[in-house]
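*Asks:* Turn this into a model:
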Amino acid sequence: MESDPLYTAAKHALVGLTRATGTRFHREDITVNCICPAFVPTNLAPKEVLAIFPKEHITPMSTLLRAYDMFLEDSSLSAKVAETSLDQVHFQEPPEFSSESNRWLATATKELWEDK
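*Replies:* Numbers count the residues shown, from 1 in each chain. Down below sits the predicted model:
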């Protein structure tokens, strides 16, 4: 998000942490997922912002709760990123690897480190 680079960096870090730890912890029956909400009116938003924010772009709290329920109801979901927008929950898949070498680095090398 060009208007807020710190927010964007933090969100990308959370997505990366979720994807990196979700698979590993799931082997121990611990699920790690994240929900990336669009604008949801809460007490954290300044009243001035709430007053002028376009209503057609507001995501209701019920959408976030539906995303939480999806994760709570299905323990097979781990390392998943759910983006909520308006009344929709979208699962964001990781991007494709740019080369087979990068795929190997991201997947096969974990075996090199696990016994060390």
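
*Asks:* Assumed Y68 was part of a helix.
*Replies:* Yes. Under DSSP: H, G, I helix; E, B strand; the rest coil, Y68 falls within a helix.

*Asks:* Low-confidence bits of this structure, can you list those?
*Replies:* Applying pLDDT under 70 to the chain flags residues 1, 112-116.

*Asks:* Strands of that one, residue ranges please.
*Replies:* Assigned by DSSP state E, the chain shows strands spanning 34-37, 81-85, 88-92.

*Asks:* Take those and lay them out in JSON lines including mean neighbour count.
*Replies:* C-beta here means a position set from N, CA and C on the backbone, and glycine is covered the same way. Putting the strands of the chain into JSON lines (neighbours: other Cβ atoms under 10 Å) gives the following:
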{"stretch": "strand 34-37", "mean neighbour count": "18"}
{"stretch": "strand 81-85", "mean neighbour count": "19"}
{"stretch": "strand 88-92", "mean neighbour count": "13"}
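
*Asks:* Put together TSV for those strands, with distance to R103 on each row.
*Replies:* Shown next, in TSV, are the strands of the chain (distance: least, Cβ to Cβ, whole Å):
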stretch	distance to R103
strand 34-37	23
strand 81-85	19
strand 88-92	19
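
*Asks:* wait, which of those strands is closest to R19?
*Replies:* strand 81-85 (7.1 Å; Cβ to Cβ).

*Asks:* what pairs with that closest one, and is each one parallel or antiparallel?
*Replies:* Strand 81-85 sits in its sheet next to strand 34-37 (parallel), strand 88-92 (antiparallel), going by DSSP bridges.
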